[in-house]
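S.K.: below are the sequence and a predicted model; questions follow.
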Amino acid sequence: MSVEDYLGMLRRNKWQIIIPILLMPMLGYGVSLLLPERYTSQTLVLVEQQRVPTSIVQSTVTEALNQRLGTMQQQILSRTRLQPIIERLGLYKEQVASKVPMEDLVNQMRKSITVTTVKTVTPGRQNEVPGFTIAFESDNPRTAQLVCAEILSMFIDENIKLRAQAAESTTDFLSKQVEDAKKKLDEKDQRVAEFKRRYLGQLPGQEQSNMNILMGLTQQLEAVNQLLTRTHQDKTYAESLLGQQVAVWEASQLGNNPQTLEAQLSAMQNQLITLEARYTSDHPDVTKMKADIAQLKRKIDEANASNKDKAADKDKAATAKLNEPPQIQQLRNQIYQYDVTLKEKTRDQERLQDQIKVYRSRVELSPLVEQQYNEILRDYSTAQGFYDDMLKKRGTSEVAEDLERRQQSEQFRVVDPPNMPVTPTFPNRLLFLAGGLGGGLGLGFGIALLLELKDKSIRTEADIEALLQLPTLALVPSVAEGASSRRGLFSRMRKTPERALPGAGA
């Protein structure tokens, strides 16, 4: 089809197109006059950042504003919040009088509230929300303004409440964490103190002092052992001298008394046993003591044979023993001192041996004790670090909570208070008029298209060729001037077939 064909279609159906274009806008405008008017009150709220620099005080509220707005919107648009507004401002009086359920009224009011975030145009900050708008639609402009103001106040109060609760809950949580961390730190501290008391002197860093003490004790033990050896030797020698001098003195006092000689023999035999325990049999003291014993035995035998009459002198000898010479008494005192020294040094030897065992065990257990001590210290350091971290975070949270309490943090600032709408936002009569015009255009062209599709008239050569699939030789114009303009060429050819001159075979 050519442009002429389309223009012909428009000319044939111009009234079918013009009439809907004229009627539909008027119809749309008339409908807009019949619809009830709706007024929308709107307010703009911007987010004012905290006044104290974040480098000094870090806020504990880290939730994004759009997420926080979503939470606040769900809470504010709940039935418990909207129903008091409906009852206080007397909204939807007709529906209330008609016994409409409150749930339906709340849903209707919820649909009338619109919260829209303001998108930033700053590059790199597309995700930030600098503010938001609140709009409420009602059939009364004053009511729309009042309800919008109520919703705005609820958003501001809810924001302050949520931020304060978040800061307070954070501080409470950190306070509990600090208490738990302090309990754990006290347990670790008590464990460290108990370990130090248990392994006193074996802690890391005391190995060298333990080694030095062990070496000093070992040297002291060697000195005590040497002193004990010398004291035993001196005591043995003093006992030997004492036995000899006592034997000489008793012999001079009692003569060859067999019983006295037997006592001397017994003493000398005891001395011999002591000497043999300390020296070899070739030692001069042992040899001399054996010779003295043999000589004393001979004296005893002689005394038993020749001096039976001197039994009465024994009592005198026992009494005279109290009057021993100074040399013998001096030897006895010297032997007594040797005994005292031996007892003292023996106790010192046992004490030093016990101490050496203690310090030797300390030195041997030092690596194991150091490993256990390091594990305890590592746990203690971890607990101390966690406690310090929680304490620092709690202090920061308390400062942030005080910032929220003083309202120095992020706040909502009303830029445009809720306005009193003058013109209704619904219905938009220009929009209805434009809609009617568009609908008229669509309806007119639709009717024209439908009529053209139903019209089977033949008007051009192309129509004949398309219908008969034969070439056309000539066209005879119609002579019936009163015929209808809508009847095509093909219908006229049927009435006057002699005028059509188709090609061969027609």
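M.R.: Sure thing, it's come through.
S.K.: would you list the phi and psi of residue 413?
M.R.: phi -120, psi 120 (degrees, to the nearest 10).
S.K.: and for residue 420?
M.R.: Torsion angles, degrees, to the nearest 10, at residue 420: phi -90, psi 110.
S.K.: these two touch, right, it and residue 142?
M.R.: Yes. Residue 420 is in contact with residue 142 according to Cβ atoms under 8 Å; the separation is 6.9 Å. C-betas here are computed from N, CA, C, even on glycine.
S.K.: can you give me the strands in the chain?
M.R.: Taking DSSP state E, the strands of the chain run over residues 39-48, 113-118, 131-138, 411-416, 472-474, 501-502.
S.K.: can you lay out those as CSV showing mean neighbour count and distance to residue 264?
M.R.: What follows is the strands of the chain, written out as CSV (neighbours: other Cβ atoms under 10 Å; distance: least, Cβ to Cβ, whole Å):
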stretch, mean neighbour count, distance to residue 264
strand 39-48, 19, 121
strand 113-118, 15, 126
strand 131-138, 21, 126
strand 411-416, 14, 119
strand 472-474, 12, 183
strand 501-502, 13, 186
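S.K.: distance to residue 361 added to the ones you listed, as TSV?
M.R.: Compiled in TSV, the strands of the chain are given as follows (distance: least, Cβ to Cβ, whole Å):
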stretch	distance to residue 361
strand 39-48	71
strand 113-118	75
strand 131-138	76
strand 411-416	70
strand 472-474	132
strand 501-502	135
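S.K.: out of those, the one nearest residue 289 is which?
M.R.: Residue 289 sits nearest to strand 411-416 of all the strands of the chain, at 113.9 Å, using Cβ to Cβ.
S.K.: got the angle between the closest one and strand 131-138?
M.R.: 50 degrees (axes from the mean of the first three to the mean of the last three Cα atoms, to 10 degrees).
S.K.: report the distance from strand 411-416 to the chain centre.
M.R.: 36 Å (Cα atoms, centre = their mean, to the nearest Å).
S.K.: and it with strand 39-48, angle?
M.R.: 140 degrees.
S.K.: what lies in contact with strand 411-416?
M.R.: Strand 411-416 is contacted from outside by 42-48, 50, 131, 152, 155-156, 159-160, using Cβ atoms under 8 Å, 6 or more residues apart in numbering.
S.K.: including distance to residue 219 and pLDDT, could those residues go into JSON lines?
M.R.: Shown next, in JSON lines, are the contacts of strand 411-416 (distance: Cβ to Cβ, whole Å; pLDDT from 0 to 100):
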{"residue": "42", "distance to residue 219": "100", "pLDDT": "91"}
{"residue": "43", "distance to residue 219": "96", "pLDDT": "92"}
{"residue": "44", "distance to residue 219": "94", "pLDDT": "92"}
{"residue": "45", "distance to residue 219": "89", "pLDDT": "89"}
{"residue": "46", "distance to residue 219": "88", "pLDDT": "87"}
{"residue": "47", "distance to residue 219": "83", "pLDDT": "84"}
{"residue": "48", "distance to residue 219": "82", "pLDDT": "80"}
{"residue": "50", "distance to residue 219": "74", "pLDDT": "73"}
{"residue": "131", "distance to residue 219": "88", "pLDDT": "84"}
{"residue": "152", "distance to residue 219": "93", "pLDDT": "91"}
{"residue": "155", "distance to residue 219": "88", "pLDDT": "90"}
{"residue": "156", "distance to residue 219": "87", "pLDDT": "88"}
{"residue": "159", "distance to residue 219": "82", "pLDDT": "86"}
{"residue": "160", "distance to residue 219": "81", "pLDDT": "85"}
